[in-house]
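A.B. asks: dropping the sequence and predicted coords here.
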Amino acid sequence: MKRVKAGIFGAGYVGLVTAAGLASRGLDIAVHDTSKEKIATLTAGGLPIFEPGLEKLLAEQHITYIQTAKELVTSCRYLFLCVGTPQAKNGEADLSFLESAVKTICRYADSDKIVIIKSTVPPGTGRLMEKLSETMNIEHRITFVSNPEFLRQGNAVQDFLFPDRIVIGSDDDETGTEVLQLYKQWDCPKLQMNRESAELTKYAANTFLAMKISYMNMMAGLAEKTGANIEDIERGIGSDSRIGKDFLKAGAGFGGSCFPKDLRALASIGTELNEELPLIRETLYINENQAKAVLRKLSTVFGGLLGRKIAVLGLSFKPMTDDVRSSPAVSAAEQLLLLGADVNVYDPLVRDNPVAGAVKSPSLLDCLEGCDAAIIMTEWDEFREILKPKMLNKLKSPVIVDGRNMFQLKEMKKLSREFPLYYDSVGR
Ligand code: UGA
């Protein structure tokens, strides 16, 4: 049987996971990126990003990496757009990479094409791209389908292979059904809808998850003032299947390349359409204050942070990634510097130092050396080591503020009987 040929525009984490995942289920896949360097790295068997399990899955497939867009367009009927839609200055999604990929497709299309948009885009973008393609006066039909992804960094391969659902948005059922055929090996609910609904579903999912987190962070403040424990609230409400147990962890707030950007993009869509969207604004507001709330705990211990030396543990926006985009850890380190503290930072995976003015330590032990306190901003497993005496002894005063509730209160109570330790966390 002839294998289906699909082309992927964009060798970022969505593009490469999509490529590896589709290839592993029998599709014939080619990948193109405007970065010649990325394509060269991939051709040589390297991986330009960090994503657990991806290197292995890619290596097992026969994927063609293509330097020229023309070759990709002419050889594939199905073209997946997995290019970035970063945040523009006004908060809107910047669609310039998407537009330029669409223009490229129109320029080289030598037969009818189905363009499948995986990038996160505002509702109406598929239609906009269709109009753009029509103005380019080409003789072939370019059809646009929305197929948002719900991949989590650090878990993207599993999320792609075993998703909760696949969403396909198209103008006509026939095209939607044709695209769904590409996923015939997937055994999960497959939801067909119109293009705008699929585009909005992506924003609705991310903002809902972010809202759950901000909701719990709001409750955490209340728990602290009432003597409740946010983890008990988490269990108490999470066991209600209507609420669901995931994404209820209180802490230093959400970061990453998706939640903050997508919430801002949705807020500006609301402004443009004269829809207020107060929940989106509040979710962002609570989140922006959350890292500050964690720092206040530290400040209270010392009555100010001027001249204090603080170890910031973690830089990535969550464990198992080296991504520091919109990371609460980075913003906490920056705020500490503004408050006049000296700052050491350590992260097991992040290589560069994203915090100008902070000293990046090569190890956890080094990071703690001579510090007044440590603040945990990313829940890397390695940070459990901090409770060992040889680590605690590196701190001038053993103060730990745990912005991710890594440790059980019971174990900390027990430890503080053996070791003079000040420990505070979020909402308990
Ligand atoms: C998120 C979504 O979870 C994916 O479904 C979506 O596809 C992706 O955005 C995207 O739009 O591309 P991701 O940004 O990789 O995925 O990270 P998450 O695992 O969702 O975590 C986001 C942030 O929320 C992290 O900073 C994490 O620490 C924080 N978080 C998460 C909490 O503070 N509490 C929780 O209970 C869960």
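C.D. replies: Nice, thanks for sending it over.

A.B. asks: what residues sit buried inside stretch 288-303?
C.D. replies: Residues of stretch 288-303 classed as buried by neighbour count (16 or more other C-beta atoms under 10 Å): 289, 290, 291, 293, 294, 295, 297, 298, 299, 301, 302. In this view, the C-beta of every residue, glycine as well, is placed from N, C-alpha and C.

A.B. asks: now, which of those residues sits nearest residue 160?
C.D. replies: residue 290 (29.9 Å; C-beta to C-beta).

A.B. asks: surely the closest one is in contact with residue 328?
C.D. replies: Yes - taking contacts as C-beta atoms under 8 Å, residue 290 lies within contact range of residue 328: 6.9 Å.

A.B. asks: okay, and the common contacts of those two?
C.D. replies: 252, 253 (C-beta atoms under 8 Å, 6 or more residues apart in numbering).

A.B. asks: ok so, going back, and of the buried residues of stretch 288-303, the nearest to residue 273?
C.D. replies: Of all these, residue 273 sits closest to residue 289, with 27.0 Å by C-beta to C-beta.

A.B. asks: can you check the pLDDT for that closest one?
C.D. replies: Looking at residue 289, its pLDDT is 95.

A.B. asks: mind checking the SS state of it?
C.D. replies: helix (DSSP: H, G, I helix; E, B strand; the rest coil).

A.B. asks: what do you get for residue 424?
C.D. replies: Under three-state DSSP, the three-state class of residue 424 is strand.

A.B. asks: now swap in residue 401 and tell me
C.D. replies: Going by three-state DSSP: residue 401 is strand.

A.B. asks: in contact with it, which residues?
C.D. replies: Applying C-beta under 8 Å, 6+ apart, the residues near residue 401 are 294, 297, 298, 301, 373, 374, 375, 376, 423, 424, 425.

A.B. asks: quick one: what helix or strand has the third one in it?
C.D. replies: Mapping residue 298 onto the secondary structure by DSSP states H and E places it in helix 278-302.

A.B. asks: show me what the helix of greatest length in the chain is packed up against.
C.D. replies: Ranked by number of residues, the top helix in the chain under DSSP state H is helix 195-226. If you count contacts as 3 or more C-beta pairs under 8 Å, 6 or more residues apart in numbering; DSSP states H and E, helix 195-226 packs onto helix 125-135, strand 142-146, strand 166-169, helix 230-238, helix 259-273, helix 278-302.

A.B. asks: I'd assumed residue 199 was in contact with residue 124.
C.D. replies: Yes - in this structure residue 124 lies within contact range of residue 199 using C-beta under 8 Å: 7.2 Å.

A.B. asks: this structure against the ligand: which residues are in contact?
C.D. replies: By the rule C-beta under 6 Å from any ligand atom, the part of the chain lying against the ligand is 120, 149-153, 206, 209, 213, 247-249, 251, 254-256, 258-259, 317-318.

A.B. asks: which of those count as buried?
C.D. replies: Judged by 16+ other C-beta under 10 Å, buried ones among the residues of the chain next to the ligand: 120, 149-151, 153, 206, 209, 213, 248-249, 251, 254-256, 258-259, 317-318.

A.B. asks: give me the subset of those residues that lies in helices.
C.D. replies: If you go by DSSP H, these have 206, 209, 213, 259 in helices.

A.B. asks: find the nearest non-adjacent residue to the last one, please.
C.D. replies: Which is residue 259. residue 210 (4.5 Å; C-beta to C-beta, 6 or more residues apart in numbering).

A.B. asks: got a list of what the one you found touches?
C.D. replies: 254, 259, 262, 263, 283, 287.

A.B. asks: which two in the residues you listed are spaced the farthest apart?
C.D. replies: It's 262 and 287 that sit farthest apart of the contacts of residue 210, by C-beta to C-beta, at 12.4 Å.

A.B. asks: that older thread, export the helices and strands packed on helix 195-226 to CSV and tack on distance to residue 310?
C.D. replies: Listed next are the helices and strands packed on helix 195-226 as CSV, based on distance: least, C-beta to C-beta, whole Å:
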stretch, distance to residue 310
helix 125-135, 43
strand 142-146, 45
strand 166-169, 44
helix 230-238, 24
helix 259-273, 24
helix 278-302, 7
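
A.B. asks: all strands of this protein, in order?
C.D. replies: All strands of the chain, identified by DSSP state E, fall at 5-9, 28-32, 64-66, 78-81, 113-117, 142-146, 166-169, 190-193, 309-313, 342-346, 359-360, 373-376, 399-402, 422-425.

A.B. asks: what's the weakest-modelled helix or strand in this protein?
C.D. replies: helix 409-418 (a mean of 92; mean pLDDT, DSSP states H and E).

A.B. asks: for it, name the packing helices and strands.
C.D. replies: By 3+ C-beta pairs under 8 Å, 6+ apart, helix 409-418 packs against strand 422-425.

A.B. asks: partner residues bridging residue 343?
C.D. replies: Beta-bridge pairing for residue 343 (DSSP bridges): residue 310.

A.B. asks: so it sits right up against residue 353, yeah?
C.D. replies: No - if you go by C-beta under 8 Å, residue 343 and residue 353 don't touch, sitting 10.6 Å apart.

A.B. asks: tell me which of the two has more neighbours.
C.D. replies: residue 343 (25 against 17; other C-beta atoms under 10 Å).

A.B. asks: sorry, back to before: how about the longest helix of the chain: buried residues?
C.D. replies: So for helix 195-226, counting by 16+ other C-beta under 10 Å, buried means 195-196, 198-203, 205-207, 209-221, 223-224.

A.B. asks: now that helix: mean pLDDT?
C.D. replies: On average, helix 195-226 scores 98.
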